[in-house]
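Chemist: how would this look folded up:
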Amino acid sequence: MTVSVIIPAYNSAAFLPQTLDSLLAQKLQAWEAVVVDDGSTDSTRELAEAYCEKDSRIRCITQKNAGVSAARNRGLEEATGDYVAFLDADDLYEPDALRAFVETAEHSGADIILGRLRFFENGKKGAFHAAADTLAACDTVKTFDKRLLWNFLVCNKCYRRSLLNEHAVRFPASGFSEEGAFFMDAVYTGARMAGTMGSVALYRRHTAAEGASVSQTANEKNLQSLAVSMTHIYDAAQKALQNAEKQDEDYLQEILYKHLHILASQFYRALWHMTADAAALCAEQIRTLLPGLDNAHVALLCGQHPDLNLTAPCATKAEAAAHPTVSVVVSRRCSPQAAAALVDQTCPLFELLLTPRAAKGLPALLFSMPNVHVAETPSPAGSKVLRLGKLPVLDPGTLQTLFRTGPLPAGLAVRAVNRLLKWRHRT
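Modeler: The predicted structure is shown next:
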């Protein structure tokens, strides 16, 4: 029994060798890799072809740039294995991953195998994905298990290729959350599913130094694509429930809640990186979807994001500046780097209040932001206030974490902020 591992690659020269090396290190020998070079302009193709010469199990296909969904679908057309797995060109497998997929499939007769997912960043392994772990521990998984809705990432799953072909399951061209639409389409075929704790995929979290860019993600195109993908999943779920002669409004509510959670956590929290049109669209989508949630899910959503006031989302940066939930008050001279880091905060409803001493020497561009104010005696408007002498370069999640803490003492020292950061990374 062979596994076809489909690897879409676009300008992936920095990471592709490590990904392919993780395949060469697999304990299972019966695999093939189909690398689909999606019109790369760097050395991705040359690197892939070098690996093809090194190992005949690796094939490289080149196409004009058409996006990750088209690349994965092309790989599916070229695949010959009994099973199909998808690995992005910057992710990795642990050595036993493919063997565990195949052995579990053969033992259980399942069509979809769900493995574990572990995050890694800067070459260091981090936490396991909680939802993926609970599913990986199951001998069988039912079609309408809500945990599946929280594990859309593609790299920790393996599919029986005949299932995908029989039901024409392919990746849609939506461009954001297309992995979820593909996965749930496969699930709603009534596929048998099983978990395996023996297969671990490593999902790379990119740093700014590796080219990660919030501004490239939190944009109109991705907001529209997210709406297409999540609407597709919702409609497919409704149809699957009808075919199964089931009524499960709570399951449909979970899909709507997931959509709003993504809007809040991946888009609205990046408000200061958005264009005006993207910010307005994000607020409009939240306002449109929120009335469809029942009271229990609204309470859950607002409880997950207490600093965002999602029942009245801000459509502009000026609105956000006028309704801060967190105030940062700085009295001593502030470095440009420390001030600039505030823009990356995942708590967008904040204000920066500077004394004239703290503001001295800062770039003029900073003062064009509507949430930055200079006053001899600042008057914070946020319900949580962080008063500092010197402003350190804050971790992006500091203010979001701060909102969940108890009252903070005035004149909080930098070392206390650092303790807060360490506490955040432990949670």
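Chemist: wait, what's in contact with residue 367?
Modeler: 359, 374 (Cβ atoms under 8 Å, 6 or more residues apart in numbering). C-beta: built from backbone N, CA, C; applies to glycine.
Chemist: tell me the pLDDT at it?
Modeler: In this prediction, residue 367 carries a pLDDT score of 90.
Chemist: now residue 397
Modeler: As predicted, residue 397 sits at a pLDDT of 89.
Chemist: against residue 344, how distant is it?
Modeler: Counting by Cβ to Cβ, to the nearest Å, the separation of residue 397 from residue 344 is 10 Å.
Chemist: which parts of this structure belong to which domain?
Modeler: The record assigns the chain these domain ranges, following automatic domain parsing: 3-176+191-210, 221-304, 317-426.
Chemist: burial measure for residue 315, as a count.
Modeler: Neighbour count for residue 315, taken as other Cβ atoms under 10 Å: 17.
Chemist: spell out for me which residue occupies the centre of this structure.
Modeler: The structure's the chain has its C-alpha centroid closest to residue 266; by Cα atoms, centre = their mean the separation is 7.3 Å.
Chemist: how close does that residue get to residue 284?
Modeler: Separation of residue 266 from residue 284 (Cβ to Cβ) stands at 16 Å.
Chemist: so which residues of the chain form strands?
Modeler: If you assign secondary structure with DSSP state E, the strands in the chain sit at 3-9, 31-38, 58-63, 83-86, 92-93, 112-121, 124-128, 157-160, 193-204, 326-330, 350-354, 372-374, 384-388.
Chemist: just list the residues touching the closest residue to residue 239 other than its chain neighbours, thanks.
Modeler: Counting by Cβ to Cβ, 6 or more residues apart in numbering, the nearest residue to residue 239 once its immediate chain neighbours are dropped is residue 188, at 7.5 Å. Taking Cβ under 8 Å, 6+ apart as the contact definition, residue 188 lies against 143, 236, 237, 239, 240.
Chemist: of those, closest to residue 115?
Modeler: Distances from these to residue 115 were compared by Cβ to Cβ; the smallest belongs to residue 143, at 18.8 Å.
Chemist: show me the contacts for that closest one.
Modeler: The contact partners of residue 143, by Cβ under 8 Å, 6+ apart, come to 187, 188, 190, 191, 193, 240, 244.
Chemist: selecting buried members of those in PyMOL, what would you type?
Modeler: Selection command for PyMOL covering only the buried members of the contacts of residue 143, criterion 16 or more other Cβ atoms under 10 Å:
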select buried, resi 187+188+191+193+240
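Chemist: make a markdown table out of the contacts of residue 143 and add pLDDT and distance to residue 404.
Modeler: As requested, the contacts of residue 143 are exported to a markdown table (pLDDT from 0 to 100; distance: Cβ to Cβ, whole Å):
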| residue | pLDDT | distance to residue 404 |
| --- | --- | --- |
| 187 | 98 | 34 |
| 188 | 98 | 36 |
| 190 | 96 | 41 |
| 191 | 98 | 39 |
| 193 | 98 | 35 |
| 240 | 98 | 37 |
| 244 | 93 | 40 |
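Chemist: between the contacts of residue 143, which is nearest residue 111?
Modeler: Closest approach between the contacts of residue 143 and residue 111, by Cβ to Cβ: residue 191, at 3.9 Å.
Chemist: just give the nearest non-adjacent residue to the closest one, would you?
Modeler: The spatially closest residue to residue 191, leaving aside those adjacent along the chain, is residue 111, at 3.9 Å (Cβ to Cβ, 6+ apart).
Chemist: okay, now the one you found: neighbour count?
Modeler: If you count neighbours by other Cβ under 10 Å, residue 111 ends up with 24.
Chemist: look up how far residue 14 lies from it.
Modeler: The span separating residue 111 from residue 14 equals 35 Å under the rule Cβ to Cβ.
Chemist: and for residue 393?
Modeler: Distance, residue 393 to residue 14, by Cβ to Cβ: 26 Å.
Chemist: re the thing from before, quick one: which of the domains of the chain is nearest residue 311?
Modeler: It's domain 221-304; of those, that one is closest to residue 311 (Cβ to Cβ) at 6.9 Å.
Chemist: which ones are touching residue 19?
Modeler: By Cβ under 8 Å, 6+ apart, the contact list for residue 19 reads 7, 12, 87, 88, 89, 90, 91, 92.
Chemist: how about 7 Å then?
Modeler: For residue 19, the contacting residues are 7, 87, 89, 90, 91, 92, taking Cβ atoms under 7 Å, 6 or more residues apart in numbering as the criterion.
Chemist: residue 286 against residue 310, yeah?
Modeler: Yes - with contact defined as Cβ atoms under 7 Å, residue 286 reaches residue 310; the gap is 6.1 Å.
Chemist: re the thing from before, list just the nearest of the contacts of residue 188 to residue 51.
Modeler: Proximity of the contacts of residue 188 to residue 51 (Cβ to Cβ) peaks at residue 236, which lies at 36.7 Å.
Chemist: which one is that closest one nearest to, not counting chain neighbours?
Modeler: Nearest-residue entry for residue 236: residue 188, 5.3 Å, with adjacent residues in sequence omitted and distances by Cβ to Cβ, 6+ apart.
Chemist: and the lengthiest helix in the chain, which residues are buried?
Modeler: Here the longest helix in the chain is taken by residue count, with DSSP state H as the criterion, and it is helix 220-243. Neighbour counts using 16+ other Cβ under 10 Å place 222-230, 232-234, 236-237, 240-241 of helix 220-243 among the buried residues.
Chemist: so where's this structure shaky on pLDDT?
Modeler: Within the chain, the stretches with pLDDT under 70 are 207-216, 406-427.
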